Structures are given as structure tokens and as C-alpha cells.
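J.: no sequence for this one, just the structure:
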């Protein structure tokens, strides 16, 4: 479809030239309109997968002038991209594996993302207590020094050694008997689902045609003049075909299930690793600091991070062979995390009763023979399965942007365009709306209380939305979200189900002790009115959400 580099450059210049206009809407648009375009237009690139990598590829390719489509079988960020530790970090533990290139790239991206998404990606001080021998203290000091150096000369948040007085001023919960020393260093915290949604919205603002709940079924044409993919609209159960010059799969742990490797006799092999998290009451912790803790059982680093007024503790790293759509946190997983936090913060005395919710995500790690999951590299692999078909696997949340750029570079080569323009995404803001006044409380941090999380989550949205908050009906949950926010997300963020709103547009399923099950009735009525559900459909949707929410309630029996 694309003939030469000149046409790409012209498209890209037009896209970036109009970015200020398009960013004033930043809407995912009307889903039916997008479905019609998907069925009738011919695209340069079809992206299969609506997680952070897929949305990042769509944004990068759209900003460079390609005509892009993206489909997601469930909802945007519904897989791994809404179930991480919510950290944008260099990966301190990867230094032990001598992955200096990966750590450097991640540390640089951490700095950049705090500028591209201010408020959504926020620097946070981490306390790292060191126990054992002087040798351990020297090892960590050396590691943190390298960590700072790899972040580059613009890194202003360098680590420092804490005196015992400084440490006790920060936390009186810490175990002190065998404490040798402690350090403070910086990483960043985010809301992974919101970050993914924002990337998708900016891709849409640059012309990408995307839709959730559209499932890839098969490739029916794969030749030198392009490819055709048969897909299913899961809302209407109607099949249709999408035509594109190139197709790229960014399906994470579902990559092996697409069946493309069988067609091409090659493919990526994914070994899912389960990362479990628990959310604890944060009433015993200072909200300004996170903790890096060493598990007493296997010496693995575990993080305790202030997040929307709770304490997010994780993560585990265990092989997984169960249901990919809904991995569960087991009692043993929770026990491991509680033992770790109580080992180093014994005065907190956390127990199962303090767990608000639990969540597990699956890392799409590439299979590496002879290596344990902990030793497996987090670097991505880009594999061209045929002239028209590319697959990407591996990677991590923090480095989604350079991974996406490398994928798009490879797509240009597949299109036969050797002199494509470089990636532009390091200059494209993910939140700021040009020519629009900021909404109230734009500096509210993810680490601040739940009462402020509403304005934090929606701070880059329309002023009209916030004008309704004083008289708006509040949803029946602990998160202080409102009915107008449901309507806003229906109009602007392609909400299709109750789960979309309560699990990803907001994080109610995690933050509310009732996991949003009471608020779901209010939400179902608003969505039902907009999408013209029958009463039977509404009740079925409500029942589906209540079953979904049970996965976030830890079973300790």
C-alpha cells in the first residue's frame, strides 16, 4: 500500500502538524464508526493486541505517518498491562544479571516518562534497608551507584545513605536488630492501566483506528501484495475481514495461542511467569516512601509501594500453566509477601485481615533453555514470521516506547522503505491537552489518598466533566468516583462493560474493599441506558462482573 519514504514523510508531517488540534479531543471515538473503517479501509499496519506494547506500536506508527489499525480481543490493558507492580523503574535486580543495556534504557525511559506523563508517572523515594554483613552493604552501595550512573547525566534523583536517625524518622516500623545500613534511591510509580489507555487515546488522536472486543481468528491471505485477517466483533458476534500491508502481533502471553507459528513453521515461545500482588491498608505506613525488601526465603527483592491510598506489595516470580485470562493469587503467594514485609517491618504486623484485594499478572517472558525465570532476560524479541507478519514478545512496561520504535523500524523495512523517519514519540505528550486549561488538582499524586484519586485519574479531561462533580451522585464504593465519570468514559474511552470502568478506567476493583460489587449496580444502569441493554442483558452483565470481582478476593481457606 505504501510506495515510498516520501509519502510516509508527508503523512507524518501532516500528522504532527495537526497534533495540537487532535489532542484537544483525545477520544477513542465511536466504536461503531471504527468498526466500519476496520472492515472497509486498507491499512499499512494492523496491530493485534491492546496492551502497552500494542498501543505503543500503534502510537509510534501513526505518528510516523502510517495508516494503522489496532484490535484487542478483550479490553485495552485487560491482561498484563493492568496487573503489574505499577512501577516505571530501571530494574535494580537486573544488575545482578549484568543486563546493563536493559537497565540503562529503562532508567532513561523512566526519566522521560515523568515528563511525557506528569502526575501519571511520578518519582518516588524507595528505602532499601541492608542486613547481614558489611559485604552486603558494599554490594548494594556499588549497585546503586551504577544504577544512578546508567540513568545518565540528567538524573537528579541520586541515591544517598541514610543514617539510623534519618531512617527511624522515616519509619519506626523497621527491623533494627541486624540492620547494617540503609539507602534511599528513586524509581517511579504509575497506574499501568491508565498509562495504556492514555497511549491508546493519543494513537487515536493521530489517526489510528482501534477497537476493543474484536478478536483475531485467522489470516486468510498472506502474500506479497498484503494480508487479510478474519476477526470477530465479540459484541455482535459478526465476523469481518481487515486488510493490511503488514500485521504485527503484540499479544503478550497469548502469543502462542494465535496459531500463527503453525502457519509459518516458526514463532516466539512464551513462558508465562506469575507475579502476585496484595493491596494492604496503608494506615501504618508513611505515604511518601516505598520500601525495597529482601525476602527471607529466597532473597528476592519485593516492593511495598504507596498506591492510591493503599500499600501495593509485590511481586512473586513463579512458573504458570493455568488459565491465562485470570491468574489467581494463592494463599501461599500472599503468605510469601506478608512474611517478607513483616520480616523487615515487624512493627507493622500485617496479616490476612489487612488485605484489601489481591491481583496476579503474567509476564510474557521468552523461553530460554537452561535458565530459570529469574534469570530470563526482559528484553524483547522481534521475529518476522513472513513477509507480511511480525511478532514481538518479551519486554517490560517501562521500556514499551523504545520497544515500539524498534518494531516500527522493522515494519518500515518490511514495507521496503529503508529511509524512514525516526521515532517521534519521545516528543509526544501523553496527558497534556494543548490550548486547554488544566482541571482542578492537576498535581495530585498516585501516592496520595483515595479521596483525591478521582481528580488525579481524570485531570487531563474536559472542564465540563469537573463542573458536575459538586452535585454529581457518588458511586457506592470507597474510591469516590461519580456517575458522571461513567458517562465520561462511555463517551471518551470506549467503555463497553462494567468491568471496563471499574477495573481499568478506574481501579475500583482493587481499591474498594467490596471490589466494586455494590457500585456495579449503579454503573450497570448507566452503561445499560447508553448501550441500550435490555433488563436481561443488564442483569447478565452485572452477574458477570460480580463473578469477575471474586478473583480479586483472596481465598485463605
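T.: That came in fine, so what should we check first? Since this is a predicted model, take the numbers as computed values, not measurements. Numbering: from 1, shown residues only.

J.: does anything pack onto the strand or helix carrying residue 182? Which helices or strands?
T.: Residue 182 is part of strand 179-189, with elements assigned from DSSP states H and E. The helices and strands touching strand 179-189, judged by 3 or more CB pairs under 8 Å, 6 or more residues apart in numbering; DSSP states H and E, are strand 87-88, helix 100-116, strand 122-131, helix 134-150, strand 160-162, helix 164-170, strand 301-307. Yep, even glycine has a C-beta here, placed from its N, CA and C like the rest.

J.: any idea how far residue 178 is from residue 136?
T.: Per CB to CB, to the nearest Å, residue 178 is found 11 Å from residue 136.

J.: these two: who's more crowded?
T.: Neighbour totals were compared for residue 178 and residue 136, and residue 136 leads with 14 against 10 (other CB atoms under 10 Å).

J.: excluding its backbone neighbours, what's nearest that one?
T.: Nearest-residue entry for residue 136: residue 130, 5.6 Å, with adjacent residues in sequence omitted and distances by CB to CB, 6 or more residues apart in numbering.

J.: thought residue 137 was touching the one you found, still the case?
T.: Yes: using CB atoms under 8 Å, residue 130 is in contact with residue 137, at 4.8 Å.

J.: what sits in contact with each of those two?
T.: By CB atoms under 8 Å, 6 or more residues apart in numbering, residue 130 and residue 137 have these common neighbours: 180, 181.

J.: run through the stretch 401-550 of the chain and note the low-pLDDT ranges.
T.: For the stretch 401-550 of the chain, the stretches with pLDDT under 70 are 419, 432-472.

J.: is the residue of the chain most remote from its centre part of a helix or strand, or is it coil?
T.: The C-alpha centroid of the chain is most remote from residue 177, which lies 38.3 Å away (CA atoms, centre = their mean). Following DSSP: H, G, I helix; E, B strand; the rest coil, residue 177 is assigned to coil.

J.: give me the pLDDT value at it.
T.: In this model, residue 177 is scored at 76, pLDDT.

J.: go on, residue 321?
T.: Note for residue 321: predicted pLDDT of 86.

J.: now it: closest residue in space, sequence neighbours ignored.
T.: Spatial nearest neighbour of residue 321, chain neighbours left out: residue 272 (7.7 Å); criterion: CB to CB, 6+ apart.

J.: wait, a strand at that neighbour?
T.: Yes: counting by three-state DSSP, residue 272 is located in a strand.

J.: contact partners for it?
T.: Neighbouring residues of residue 272 by CB under 8 Å, 6+ apart: 253, 319, 320, 321, 324, 362, 363, 364, 365.

J.: change it to 10 Å
T.: Residue 272 sits next to 80, 252-254, 256, 318-322, 324, 327, 361-365, 373 when contact means CB atoms under 10 Å, 6 or more residues apart in numbering.

J.: same question, residue 77
T.: Going by CB under 10 Å, 6+ apart, residue 77 touches 50-52, 54-55, 83-84, 191-197, 199-200, 212, 500, 503-505.

J.: got phi/psi on it?
T.: With angles defined as degrees, to the nearest 10, residue 77 sits at phi 70, psi 20.

J.: hmm, back to that, and the helices and strands packed on strand 179-189, which is most packed in?
T.: Greatest average neighbour count among those goes to strand 87-88 (a mean of 28), per mean count of other CB atoms under 10 Å.

J.: name the strands paired with it and say parallel or antiparallel.
T.: Strand pairing for strand 87-88, using DSSP bridges, gives strand 179-189 (antiparallel).

J.: tell me the buried residues in the strand it pairs with?
T.: Across strand 179-189, burial judged by 16 or more other CB atoms under 10 Å covers 181, 182, 183, 184, 185, 186, 187, 188, 189.

J.: so which residues of the stretch 251-400 of the chain form strands?
T.: Under the criterion DSSP state E, counting those that start in this stretch, the stretch 251-400 of the chain carries strands at the ranges 270-281, 290-294, 301-307, 310-314, 318-319, 355-366, 381-384, 389-393.

J.: wait, which of the ones you listed is closest to residue 534?
T.: Ranking the strands of the stretch 251-400 of the chain by proximity to residue 534 (CB to CB) places strand 355-366 first, at 31.4 Å.

J.: where does the stretch 151-300 of the chain dip in pLDDT?
T.: If you take pLDDT under 70 as the line, the stretch 151-300 of the chain has these spans: 256-268, 286-287.

J.: try 90
T.: Along the stretch 151-300 of the chain, the model assigns pLDDT under 90 to residues 151-159, 162-182, 220-226, 251-273, 281-289, 293-300.

J.: in what helix or strand does the nearest residue to residue 515 once chain neighbours are set aside lie?
T.: Nearest non-adjacent residue to residue 515, counting by CB to CB, 6+ apart: residue 549, 4.0 Å away. Assigned by DSSP H and E, residue 549 falls within helix 535-549.

J.: ok so, going back, relative to helix 134-150, how tilted is the strand holding residue 182?
T.: 20 degrees (axes from the mean of the first three to the mean of the last three CA atoms, to 10 degrees).

J.: what packs against the helix or strand just after strand 179-189?
T.: Where DSSP H and E defines the elements, the next helix or strand beyond strand 179-189 is helix 192-205. The contact analysis (3 or more CB pairs under 10 Å, 6 or more residues apart in numbering; DSSP states H and E) places helix 192-205 against helix 19-22, helix 52-63, strand 68-71, strand 87-88, helix 100-116, strand 209-211, helix 400-414, helix 453-457.

J.: now do helix 192-205 and helix 52-63, the angle between them.
T.: Interaxial angle of helix 192-205 relative to helix 52-63 (the same axes, to 10 degrees): 20 degrees.

J.: by how many degrees do helix 192-205 and strand 355-366 diverge?
T.: Taking the same axes, to 10 degrees, one finds helix 192-205 and strand 355-366 inclined to each other by 60 degrees.

J.: for helix 192-205, which positions count as buried?
T.: Within helix 192-205, the residues that count as buried by 16+ other CB under 10 Å are 192-205.

J.: mind listing what's buried in stretch 322-336?
T.: Quick answer for stretch 322-336 (16+ other CB under 10 Å): 324, 327, 328, 329, 330, 333, 334, 336.

J.: out of the residues you listed, who's nearest residue 159?
T.: Taking those together and measuring to residue 159 by CB to CB, the closest member is residue 336, at 27.0 Å.

J.: residue 151 touches residue 114, doesn't it?
T.: No: with contact defined as CB atoms under 10 Å, residue 151 does not count as touching residue 114 (11.7 Å).

J.: neighbours around residue 216, how many?
T.: Using other CB under 10 Å, residue 216 is surrounded by 23 other residues.

J.: got the contact list for it?
T.: Contacts for residue 216 were tallied using CB under 10 Å, 6+ apart; they are 46, 48-49, 71-73, 229-232, 242, 247, 249, 251, 254, 258-260.

J.: quick one, which of the residues you listed are buried?
T.: By 16+ other CB under 10 Å, the contacts of residue 216 give 46, 48-49, 71-73, 229, 231-232, 242, 247, 249, 251, 254, 258, 260 as buried.
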